[in-house]
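J.: What shape does this take:
(chains A and B)
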Amino acid sequence: MRDVAIIGIGQTKVGEHWEKGLRHLALEALQAAMVDAGVDRVDTLYVGNMLSGELTGQEHLGALVADFAGMRGVEAVKVEAACGSGAAALRLGYIAVAGGMADVVLVVGVEKMTDATGPQNTAALAMAADADYEAAQGLSFVAINGLLMRRYMYEYGYRKEDFAPFTVNAHANAMNNPYAMFRVRVTPGSYTRARMIADPINLMDSSPIGDGAAAVILVPADWARRFPQPPVRIAGSAVGTDAVALHDRRDPLVMEGAALSAYRAYQQAGVGPEEIDLFELHDAFSIMAALSLEAAGFARRGEGVRLALEGKIGIQGRVPVATMGGLKARGHPVGATGVYQVVEVVQQLRGEAGANQVPDARIGMAQNIGGSGATVITHILERME
Amino acid sequence: MSVPRTWRLRQQRYRLVGEVCDRCGVPIFPPRDVCPECEAPAKTPFTFSGRGEVYSYSTVYHPPVGFKQDAPYTVALVRLEEGPLVTAQLTDVEADQVEVGMPVEMVTRRLQAEGEEGVISYGYKFRPLLRR
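T.: Numbering: from 1, shown residues only, chains lettered A, B, ... in the order given. Reported below is the predicted structural model:
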């Protein structure tokens, strides 16, 4: 097996791109990544996407994006794993390079959501849940997270406002990210007053959907020095799964798939949570951030929220999260999100995160979650000295 | 919701029929044909009593397409008295009266209707346990 490095990154701003279709968004991100890497051809293209068929009537994205980007003929497929689609595409790219099946791999995550209405998006996102036994009962994806948050508050005795630090931190960090969707400050007061979506989850617990694309270029680590940017090695790459439906989990408040994913990645990288300098977690909802911190070993059961309350998730904290805004404020273009997270970790490890730079960041982790925890993909990245 | 799908799930939707593991005896809902505890085949039907208690709940103010007419409505994870959790709407109760641990029972109600003249899908919901 070969070591794999990331030598190029690209992203579009997350938001409402009325003038750009899915293919244009993908093109913008992948061209930026190729320019950044200094490559003009790739062997293989993986497109991470969840909802193109449902929201834009377009499937078959591998060939579509390859052709549109002037790469007609290249090996190309779409990868889908609900909200984990982006990192799932990266995982396949990693396997292709590590296994020697390809040398230069382009991974692009893309989602075009604003061609559909809000209720259509709500129904489409619920496809990440169990169609027969969750979505058929009228549960939105927000409601599924509402069930988790209510139980979490009940079991551990937290109040609603205790979750505010996740949102306040994400928005503060997004202020300095030109690619973020919401560069506005949120206070604990405005968090508490936000309108309810699925009780106890309000608008300020919820990541916004948006249009966006992000891309990375992978090569064998041995080659990485030939390219212009400071290379970043993929030290760990792992997928863990769990039951799709919350009601089928052993304990809904324990994300076993996330724990499996994180600990497999730790084992491969030869590190533990104490060595991670920053953690781009999947804060689709504030409760997800808390459960992820617990599953990945940064907090004990029921103490994920306490970590945030104690101020340990900020840029200068013990475990900086959402350092460029996270899903909450950078935005959550669903199938692209996993690639955005990795792009942001690379920015941190290269020392290109500007005002949000985590001091001397050497090892960063990104964790992308499909559904309410059924597919969890963790990547640990390390600056190559 | 397509007609064949509703028909295929009729035993579950109307009667809460799950399965029981032939090897370890654990009752299973929704049915999955392989025991989640011991991985043995589990295809023996088992009808649940329909009684349980609220494990968690959430009130939906922004429903998916197809559920607008009922919004806001309250959904729950219900811990059935035989053990499994089931996801369902609560009915015959105001949102602010629901609490974790509340005893509930299954009833058959309309889940979705496709307009004035379309197919109506029925299924289980849960209401506060009636004292008899």
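J.: count of residues packed around the residue in the stretch 201-350 of chain A positioned nearest to chain B?
T.: Residue of the stretch 201-350 of chain A nearest chain B, by Cβ to the nearest Cβ: A:His247 (3.8 Å). (Glycine included, C-beta is placed from N, CA and C.) A:His247 sits with 22 neighbouring residues when counted by other Cβ atoms under 10 Å in any protein chain shown.
J.: What residues are bridge-paired with the closest residue to it other than its chain neighbours?
T.: Excluding the flanking residues, the one nearest A:His247 by Cβ to Cβ, 6 or more residues apart in numbering or on different chains is B:Leu85, at 3.8 Å. Beta-bridge partners for B:Leu85, by DSSP bridges, are B:Arg79.
J.: Thought B:Ser56 was touching B:Leu85, still the case?
T.: No. At 9.2 Å, B:Leu85 does not count as touching B:Ser56 under the criterion of Cβ atoms under 8 Å.
J.: neighbour-wise, which of these two wins?
T.: Set B:Leu85 next to B:Ser56 and count neighbours by other Cβ under 10 Å: B:Ser56 wins out with 26 against 20.
J.: Would you list the phi and psi of A:Glu344?
T.: phi -70, psi -40 (degrees, to the nearest 10).
J.: on that earlier part again, report the set of residues contacting both of B:Leu85 and B:Ser56.
T.: Listed as contacting both B:Leu85 and B:Ser56 by Cβ atoms under 8 Å, 6 or more residues apart in numbering or on different chains are A:Pro252, B:Leu77.
J.: What count of nearby residues applies to B:Pro27?
T.: Neighbours of B:Pro27 (other Cβ under 10 Å): 17.
J.: contacting residues for it?
T.: Neighbours of B:Pro27 in contact, by Cβ under 8 Å, 6+ apart: B:Gly18, B:Glu19, B:Val20, B:Phe46, B:Phe48, B:Glu82, B:Gly83, B:Pro84.
J.: Point out the other helices and strands that the helix or strand bottoming out on mean pLDDT in chain A packs with.
T.: Using mean pLDDT, DSSP states H and E, the weakest-scoring helix or strand in chain A turns out to be helix A:118-125, at a mean of 92. In terms of contacts (3 or more Cβ pairs under 8 Å, 6 or more residues apart in numbering or on different chains; DSSP states H and E), helix A:118-125 is packed against helix A:52-56, helix A:141-156.
J.: okay, those, which one's buried deepest?
T.: helix A:141-156 (a mean of 24; mean count of other Cβ atoms under 10 Å in any protein chain shown).
J.: any idea which helix or strand comes after that helix?
T.: helix A:164-174 (DSSP states H and E).
J.: what's the following helix or strand after that following helix?
T.: Next along the chain from helix A:164-174, counting by DSSP H and E, comes helix A:188-193.
J.: residues in contact with that following helix?
T.: A:Lys160, A:Glu161, A:Phe163, A:Ala164, A:Pro165, A:Thr167, A:Val168, A:Asn202, A:Met204.
J.: can you put the residues you listed in a markdown table and add pLDDT, distance to A:Val358 and neighbour count?
T.: Converted to a markdown table, those look like this (pLDDT from 0 to 100; distance: Cβ to Cβ, whole Å; neighbours: other Cβ atoms under 10 Å in any protein chain shown):
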| residue | pLDDT | distance to A:Val358 | neighbour count |
| --- | --- | --- | --- |
| A:Lys160 | 97 | 29 | 16 |
| A:Glu161 | 97 | 27 | 12 |
| A:Phe163 | 98 | 23 | 29 |
| A:Ala164 | 98 | 22 | 23 |
| A:Pro165 | 98 | 18 | 22 |
| A:Thr167 | 98 | 20 | 29 |
| A:Val168 | 98 | 18 | 22 |
| A:Asn202 | 97 | 29 | 22 |
| A:Met204 | 98 | 24 | 23 |
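J.: Not counting its neighbours along the chain, what's nearest the closest residue to chain B within the stretch 51-200 of chain A?
T.: Nearest to chain B in the stretch 51-200 of chain A, going by Cβ to the nearest Cβ, is A:Gly146, at a distance of 3.0 Å. Closest residue to A:Gly146 apart from its sequence neighbours, by Cβ to Cβ, 6+ apart: B:Ser58 at 3.0 Å.
J.: what number of residues lie near B:Glu94?
T.: B:Glu94 has 9 nearby residues by other Cβ under 10 Å.
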